[in-house]
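need coordinates for the following:
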Amino acid sequence: MINDDREKPQKKRFIAGAVCPRCGEMDRIVNYREGDKNYRECVACGFKDEIRLQSSPREIATRVSEARKEETVEAPVKIIQPPKNK
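Residues are numbered from 1 along each chain as shown. Okay, here's the model as predicted:
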């Protein structure tokens, strides 16, 4: 078996609905990775630039994910029996 240490080129994937900033063609942009960098390229006109990914977006605050701001106080509950009527 031959041991090949070279990296395989990443598969180029089309980005659905993307419009080329140079030629304006839709659905002609591919996304791929070379080394540590991500690129987009137009297959129609040859436009190519590096995609700089930002940090992941923070989670949107919802009723479920939002931390409770009010402080809850625990207190014992006293159950009172009603008097028996004769």
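
leaving out chain neighbours, which residue sits closest to Glu41?
Distance criterion CB to CB, 6 or more residues apart in numbering; nearest residue to Glu41, sequence neighbours excluded, is Lys48 at 4.3 Å. Any C-beta I mention is one placed from the backbone N, CA and C, and that applies to glycine too.

can you give me phi and psi for that neighbour?
Main-chain dihedrals, Lys48, degrees, to the nearest 10: phi -150, psi 130.

residue contacts, it?
Residues in contact with Lys48 (CB atoms under 8 Å, 6 or more residues apart in numbering) are Tyr39, Arg40, Glu41, Cys42.

name the nearest of the residues you listed relative to Asn85.
When these are compared for distance to Asn85 (CB to CB), Arg40 comes out closest, at 82.4 Å.

burial count for Asp49?
Number of residues near Asp49 (other CB atoms under 10 Å) recorded here: 11.

likewise for Cys20?
19.

report the separation between the closest residue to it other than its chain neighbours and Ile15.
Excluding its sequence neighbours, the residue lying closest to Cys20 (CB to CB, 6+ apart) is Cys42, at 4.1 Å. Applying CB to CB, to the nearest Å, the value for Cys42 to Ile15 is 10 Å.
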